[in-house]
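Novice: Here is a sequence with its predicted model. Questions after.
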Amino acid sequence: MTTIGHWNRSITFLPKYAVGDKYTLITIQLFITCKRFLVTNFLLVADIAITTGDQLEFYTNKTKEKDEVGRFRDLTALAHDAVHNLLLFVDKQGDNASIFSYNLATKKSQPLVGRRSHESIQGLAFDPVSGKIFWPDTEDKIIYWTSLWSRSKTDIYGKVLLNMTHEIPRDIAVDSCRGYIYWTNINVTRPTIERARLDGTGREVIIDKDIYMPVSIAVDQRTRSLYWVDDKEGIHYTIETSDLDGGNRKKVVVGIHHHPNTLTVSKDSLYWVDWAYKTVWKIDKDAPPYTEPEEFLTFSNGNIKPFGIVANYNIEDQIEGIPECKNVWEMQKSKNETVDIPTDSTFDVGLFCLHGEGSGNECKCIQGYTGDRCEISVCQSFCLNGECKVGSEGQPTCRCKKGYAGLRCEVNVCNGYCLNSGECSINSDKPTCKCPDNFEGGRCERKKPEVATTIAPVKDICNCTNNANNSPGHPDVTKSQTIASPLMTTTEALLVGDDFVESCAGWDGVRDPILMALGVLCGLLSLLCAILITKVLQLKRRPRIKKRIIVNKNVTPLTARPDQCEITIENCCNMNICETPCFEPKSTIRPNLLNTKQGKEEKRNLIANMENPDDMY
């Protein structure tokens, strides 16, 4: 480095030497060659650069090479100009500026954009061809831009490129070869990835399906690809890629339990910052599906939280051999090795006085701002529940949200408005009350009078039907008014003036089905009883045969009789002895006599059995 410093001094005092001196010319050539080698790319050694806290850190092979600590407080978004070897970053707690540049050759930082009172910048991009810086403000829902090379006092806070109504832009990337900017919209009701020309024209949505919250985006100009991180609902996240027009969409990483914040791309790899583990992860761009990412770097200090990240991606590797990158290639060949960003006293004064003009050591603020540097808006924390506007006299006025009133929108118009447990709501910018059943009034302040109920005196008998017509005897009796029936109950006859309101009960969904079921059941039981009674009566009509055998008293006692007992047919059939007629069982009748007529044949059969008494034994 001492030799290089000597070469630098020889160049500085070049006018003292003869221009034609060959040694001097050799010294100049060596100096230029060495200087080009040293500052061609800041990441010739480092793999990535990260903003964390108040530091800008450089890492190679997972080891910190160096860090740059300046007068910064809280660094967030980070971008890299590979053509001019500049880093652009955001300090969200800067006193008077929010966007700065860092020259990697001279190691000097410079303020570029003034800080607004309410802003949230989480993405940053630079186009080396046009020299424009682009950044989205998620608070204002605006994409701003400013020129790095030529600025005036009116460019201190940037100019509006795209003003959005419902979209919330978060991160932004530039395709310098084809002249497009790409940004992510994190409005979860309709998240999108969109693009437009560098002048804001030709805006179009390229991704709006199967996406939840795309928090970061990067462009690979060499492969003509987009990469973005989608922080899915719940614990899931994905890293996806597509063509520059949104086609040929693929998933690179599908994982859980990460809280991705920013993404960057190098020649061969992807890097992203994970807030859940305070870790930087890495994966190859061409990794096969379901490849686990590599833990590249972890911040063990609990107070340090990494935010922005850029990777080593030489501009030659990005644009060489690509026809669309002709402009960038020509700029790369003709670039100056050291870049001087123009500054003037006007810009410095403007940064000192954020919203006003400087006069010596004091600031003269414009309407709506106050403070030593005009950094405080009179609207800051003024309206509690509404939007603040600065009036013509520089005083804040509030436009309150629905349901609020007061000078600062501090009064809830529904607070204590409805009485007696009424529910308050806002209709046509006025509070209205929904009262309980027993209260009424605009504020539910009155108790409803109880409706008197009484039994109507019997005047006539009415046929209360749905098709009731005026009867000749009572022409004033209609469907809605009738004379009370003696069958009406207290609740069915409501006295209204001198008339009674008809109460013809209709179908009761609980009572009537039960009554119908009970009626059907009773009918079935009655039918069953009738059948059983009929059956019992039929059974009683059948003859009951009782065998009663009486023998002569002079016969041998039963105990002295032999096993067989012989009774004469006369004794059996004598009606004085037998109380029932004597008959012969069908099983003993000869088959040829079963079909014959009764009467004489039966007698013959009995006589035949008597003529052959031996057959009985």
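Specialist: It's in. Numbering: from 1, shown residues only.
Novice: need the helices for the stretch 1-150 of the chain, in chain order.
Specialist: Taking DSSP state H, counting those that start in this stretch as the criterion, the stretch 1-150 of the chain carries its helices at 2-12, 22-39.
Novice: Next secondary structure after the helix or strand harbouring residue 280?
Specialist: If you go by DSSP states H and E, residue 280 is part of strand 279-284. Once strand 279-284 ends, the next helix or strand along the chain (criterion: DSSP H and E) is strand 294-298.
Novice: Would you mind pulling the contact partners of stretch 183-193?
Specialist: Residues from elsewhere that reach stretch 183-193 (Cβ atoms under 8 Å, 6 or more residues apart in numbering): 123, 136, 138, 143, 164, 166-173, 182, 194-195, 205-208, 211-217, 226, 228, 246. C-beta: built from backbone N, CA, C; applies to glycine.
Novice: quick one: buried residues of that stretch?
Specialist: For stretch 183-193, the buried set under the neighbour-count rule, 16 or more other Cβ atoms under 10 Å, comprises 183-186, 191-193.
Novice: Return the subset of those lying in strands.
Specialist: Among those, DSSP state E puts 183-185, 192-193 in strands.
Novice: In TSV: those residues, plus pLDDT and distance to residue 155.
Specialist: Listed next are those as TSV, based on pLDDT from 0 to 100; distance: Cβ to Cβ, whole Å:
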residue	pLDDT	distance to residue 155
183	97	21
184	97	25
185	96	26
192	96	29
193	97	28
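Novice: now for these, which pair is the farthest apart?
Specialist: Pairwise distances among those were taken by Cβ to Cβ; the largest, 9.2 Å, belongs to 183 and 192.
Novice: Can you pull the poorly scored residue ranges out of the protein?
Specialist: Counting by pLDDT under 70, the chain shows low-confidence ranges at 1-45, 69-70, 151-154, 335-355, 358-361, 452-506, 542-617.
Novice: so where do the helices sit in the protein?
Specialist: Chain-ordered helices for the chain, with DSSP state H as the definition, fall at 2-12, 22-39, 315-319, 326-333, 345-352, 511-540, 569-573, 600-611.
Novice: show me what contacts the residue nearest to residue 46 when sequence neighbours are not counted?
Specialist: Take residue 46 and drop its neighbours on the chain: the residue closest to it by Cβ to Cβ, 6 or more residues apart in numbering is residue 58, 4.1 Å away. Residue 58 is in contact with 42, 46, 48-49, 64-67, counting by Cβ under 8 Å, 6+ apart.
Novice: Distance of the residue lying closest to residue 380 once chain neighbours are set aside relative to residue 176?
Specialist: If the residues on either side of it in the chain are set aside, residue 380 comes closest to residue 117, at 6.2 Å by Cβ to Cβ, 6+ apart. In this structure, residue 117 and residue 176 are separated by 32 Å, where distance is defined by Cβ to Cβ, to the nearest Å.
Novice: higher neighbour count, these two?
Specialist: When residue 117 and residue 176 are compared for neighbours, residue 176 comes out ahead with 26 against 16, by other Cβ atoms under 10 Å.
Novice: That one contacts residue 331, correct?
Specialist: No. Counting by Cβ atoms under 8 Å, no contact exists between residue 176 and residue 331, whose distance comes to 9.1 Å.
Novice: what's the overlap in contacts for the two?
Specialist: Applying Cβ under 8 Å, 6+ apart, one finds that residue 176 and residue 331 are jointly contacted by 128-129.
Novice: Buried ones in stretch 130-143, by neighbour count?
Specialist: Within stretch 130-143, judged by 16+ other Cβ under 10 Å, the buried ones are 130, 132-138, 140-143.
Novice: As TSV, the residues you listed with distance to residue 364 would be great.
Specialist: As requested, those are arranged in TSV below (distance: Cβ to Cβ, whole Å):
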residue	distance to residue 364
130	34
132	31
133	28
134	31
135	28
136	31
137	26
138	31
140	25
141	31
142	27
143	31
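Novice: who's in contact with the closest residue to residue 390 other than its chain neighbours?
Specialist: Leaving aside its sequence neighbours, residue 390 sits nearest to residue 368 (Cβ to Cβ, 6+ apart; 3.7 Å). Under the criterion of Cβ under 8 Å, 6+ apart, the contact partners of residue 368 comprise 355, 377-379, 390, 394, 396.
Novice: Residue 61: how many residues sit nearby?
Specialist: 9.
Novice: Isn't it up against residue 47?
Specialist: Yes. With contact defined as Cβ under 8 Å, residue 61 and residue 47 form a contacting pair (6.9 Å).
Novice: how far away is residue 156 from residue 374?
Specialist: Taking Cβ to Cβ as the criterion, residue 156 is separated from residue 374 by 12 Å.
Novice: pretty sure residue 250 contacts residue 240?
Specialist: Yes. Distance between residue 250 and residue 240: 6.6 Å, which falls inside the contact criterion (Cβ under 8 Å).
Novice: who's more crowded, these two?
Specialist: Relative neighbour count places residue 240 above the other of residue 250 and residue 240, with 20 against 9, counting by other Cβ under 10 Å.
Novice: Please list all residues in contact with the closest residue in space to the more buried one that isn't next to it in sequence.
Specialist: Here the nearest residue to residue 240 in space, its sequence neighbours aside, is residue 251; by Cβ to Cβ, 6+ apart that works out to 5.3 Å. The neighbours of residue 251, taking Cβ under 8 Å, 6+ apart as the test, are 238-240, 289.
Novice: The same query, at a cut-off of 10 Å, please.
Specialist: The neighbourhood of residue 251, defined by Cβ atoms under 10 Å, 6 or more residues apart in numbering, consists of 210, 230, 238-241, 289-290.
Novice: cool, and residue 239?
Specialist: When the contact criterion is Cβ under 10 Å, 6+ apart, the partners of residue 239 are 216, 227-230, 251-255, 258, 260, 263, 270, 272, 281, 283, 293.
Novice: switch to 8 Å and redo it
Specialist: Applying Cβ under 8 Å, 6+ apart as the definition, the contact partners of residue 239 turn out to be 227-230, 251-253, 260, 263, 270, 272, 283.
Novice: And for residue 50?
Specialist: 56-57, 59, 78, 273, 280, 297, 306-309.
Novice: If you rank the residues you listed by neighbours, which is first?
Specialist: Of all the contacts of residue 50, the highest neighbour tally under other Cβ under 10 Å goes to residue 273, namely 28 neighbours.
Novice: Pick the one among the contacts of residue 50 closest to residue 424.
Specialist: For residue 424, the closest of the contacts of residue 50 turns out to be residue 307, at 44.4 Å, with distances computed as Cβ to Cβ.
Novice: From residue 124, how far off is the closest one?
Specialist: From residue 307 across to residue 124, the span is 11 Å (Cβ to Cβ).
Novice: which neighbours do the two share?
Specialist: The contact sets of residue 307 and residue 124 overlap at 77-78 (Cβ under 8 Å, 6+ apart).
Novice: how close does the residue lying closest to residue 286 once chain neighbours are set aside sit to residue 312?
Specialist: Nearest in space to residue 286, with sequence neighbours left out and distances taken as Cβ to Cβ, 6+ apart, is residue 268 at 7.9 Å. Counting by Cβ to Cβ, the separation of residue 268 from residue 312 is 10 Å.
Novice: which of those two has more neighbours?
Specialist: In this view residue 268 and residue 312 are compared by other Cβ under 10 Å, and residue 312 has more residues nearby, 23 against 11.
Novice: Show me how this protein divides into domains.
Specialist: Taking automatic domain parsing as the domain assignment, the ranges for the chain are 2-35, 43-343, 356-412, 413-446, 451-504, 569-612.
Novice: Nearest spatial neighbour of residue 429, chain-adjacent residues omitted?
Specialist: In space, not counting the residues next to it along the chain, residue 429 is nearest to residue 402; the distance is 7.1 Å by Cβ to Cβ, 6+ apart.
Novice: Could you give the number of residues near that neighbour?
Specialist: The criterion is other Cβ under 10 Å. On that basis, residue 402 has 10 neighbouring residues.
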